[in-house]
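*Asks:* Next one to model:
(chains A, B and C)
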Amino acid sequence: MPELPEVETVMRGLRPSLEGRVLRKVVQRRDDLRFPLPERFSERLTGRTVKRLSRRAKYVLAHLDDDMVLFFHLGMSGRVTILPKGERPPLGAHDHIIFETDDDEEIRYCDPRRFGMMDLVCQSELSAHKAFRDLGPEPLGNEFSGPVLFEKIKNKKTNIKAAILDQRVVVGIGNIYACEALHLSRMAPDRIASTLSQKEAEILASTIRDVLNRAIEAGGSSLRDYVQASGELGYFQHSWTVYGREGEVCRHCPSGGLSGQTAKPVIQRIQQNGRSTFYCPECQH
DNA sequence: TTTGGGCCCTGGCGGC
DNA sequence: TGCCGCCAGGGCCCAA
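*Replies:* Got it, this is the predicted structure:
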């Protein structure tokens, strides 16, 4: 499920095919994804030039030559496939939007579960759009740091996992990277956010940046229903230390566990705020 | 204001 | 083999 690294990977994958290109044809195969698509969606996009692509949180933004911004979210199961000249396999049932460029490439937005969304908004109104107005800092940008994280969570009475999933605290983190960052930081996911010390907030912020950067370098993670823009799979999932590893031995704990018990500590799975959390009860406190 | 829970959606999977 | 029900989860909305 696309989180920041996957979205960044998709955006980078789309750049060569979209930046500077004219959208010669836009086919809209349904009226809505998660939310209704804007009126006259394909008509308003046809003939527009994509000046540049960018990413904000888990959204990919295409800045157009008429000062409009097309942006989309991949939801849980969304993916984007680039089809070069001459390659036009039959459309699938979940290929909802198809963009054809003046370079004869086709870009298909496919989202079986339709948790994704797509919208078109004026550049000047972008920051006020409900998708963007309350977003917190980018974790890989200069505006995010240990002190910033500490300030954001110091009064929060919710658990730390829910806190870092809150896009108002820091953007781009989903269930997978929240679990990974807490495991690598050796912090229990059920710690009340306000109990973290300044030092712990710095460790967590640093770990979040590290985990996300490594995932981007690896080309984004992949579950069954995620593929990079180019159609290639990402491979960071092979580096997950805790997510999806229920019952497996913790890779961080020395043999026998930190407390010297003979049984090797194993990853446990609990439910937090309706989401699965994977953690090691031995090394995360 | 903050927090937590319900809901949306549908493919995959396990159980019967 | 086919059916049923559960699970996955990002973000919006609403109630407490």
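
*Asks:* Just the closest residue of the stretch 151-285 of chain A to DNA strand B, please.
*Replies:* Residue nearest to DNA strand B within the stretch 151-285 of chain A: residue A:158 (3.1 Å; CB to the nearest atom of the strand). C-beta coordinates here come from the backbone N, C-alpha and C atoms, glycine included.

*Asks:* What's the separation between that residue and DNA strand C?
*Replies:* 12 Å (CB to the nearest atom of the strand, to the nearest Å).

*Asks:* Flag every residue of the stretch 151-285 of chain A that's near DNA strand C.
*Replies:* When proximity is defined as CB under 7 Å from any atom of the strand, the stretch 151-285 of chain A approaches DNA strand C at A:165, A:167, A:174-176, A:274-276.

*Asks:* Buried subset of the residues you listed as a ChimeraX selection?
*Replies:* Selection command for ChimeraX covering only the buried members of these, criterion 16 or more other CB atoms under 10 Å:
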select /A:165,167,174,175,176
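
*Asks:* need the residues of the stretch 151-285 of chain A near DNA strand B, please.
*Replies:* Counting by CB under 7 Å from any atom of the strand, the stretch 151-285 of chain A sits next to DNA strand B at A:155-159, A:162, A:193, A:224-225, A:273-274.

*Asks:* coming back round to it: now, which of the residues of the stretch 151-285 of chain A next to DNA strand C sits nearest DNA strand C?
*Replies:* Proximity of these to DNA strand C (CB to the nearest atom of the strand) peaks at residue A:174, which lies at 2.9 Å.

*Asks:* tell me the contacts of that closest one?
*Replies:* Counting by CB atoms under 8 Å, 6 or more residues apart in numbering, residue A:174 touches A:1-4, A:58, A:165.

*Asks:* mind putting the residues of the stretch 151-285 of chain A next to DNA strand C in CSV, secondary structure and distance to residue A:263 included?
*Replies:* What follows is these, written out as CSV (DSSP: H, G, I helix; E, B strand; the rest coil; distance: CB to CB, whole Å):
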residue, secondary structure, distance to residue A:263
A:165, helix, 31
A:167, coil, 39
A:174, coil, 32
A:175, helix, 28
A:176, helix, 27
A:274, coil, 31
A:275, strand, 28
A:276, strand, 23
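
*Asks:* which two from the residues of the stretch 151-285 of chain A next to DNA strand C end up farthest apart in space?
*Replies:* A:167 and A:276 (19.1 Å; CB to CB).

*Asks:* Have a look at chain A and report its longest helix.
*Replies:* For chain A, the helix that runs over the most residues, judged by DSSP state H, is helix A:198-217.

*Asks:* so how far is it off the chain centroid?
*Replies:* Mean-position distance between helix A:198-217 and its chain equals 15 Å (CA atoms, centre = their mean, to the nearest Å).

*Asks:* Counting by contacts, list what that helix packs against.
*Replies:* Helices and strands touching helix A:198-217, by 3 or more CB pairs under 8 Å, 6 or more residues apart in numbering; DSSP states H and E, are helix A:4-18, helix A:146-153, helix A:160-165, helix A:175-185.

*Asks:* Indicate which one of these is closest to residue A:251.
*Replies:* helix A:175-185 (9.0 Å).

*Asks:* Contacts made by the closest one with the rest, please.
*Replies:* Contact with helix A:175-185 is made by A:1, A:3-5, A:160-161, A:164-165, A:173, A:188-189, A:200, A:203-204, A:207-208, A:210-212, A:215, A:221, A:240-243, A:252, A:275-280, A:283-284, as judged by CB under 8 Å, 6+ apart.

*Asks:* now swap in stretch A:82-92 and tell me
*Replies:* Among residues not part of stretch A:82-92, those counted as contacts by CB under 8 Å, 6+ apart are A:13-14, A:17, A:29, A:98, A:103-108, A:110, A:229-231.
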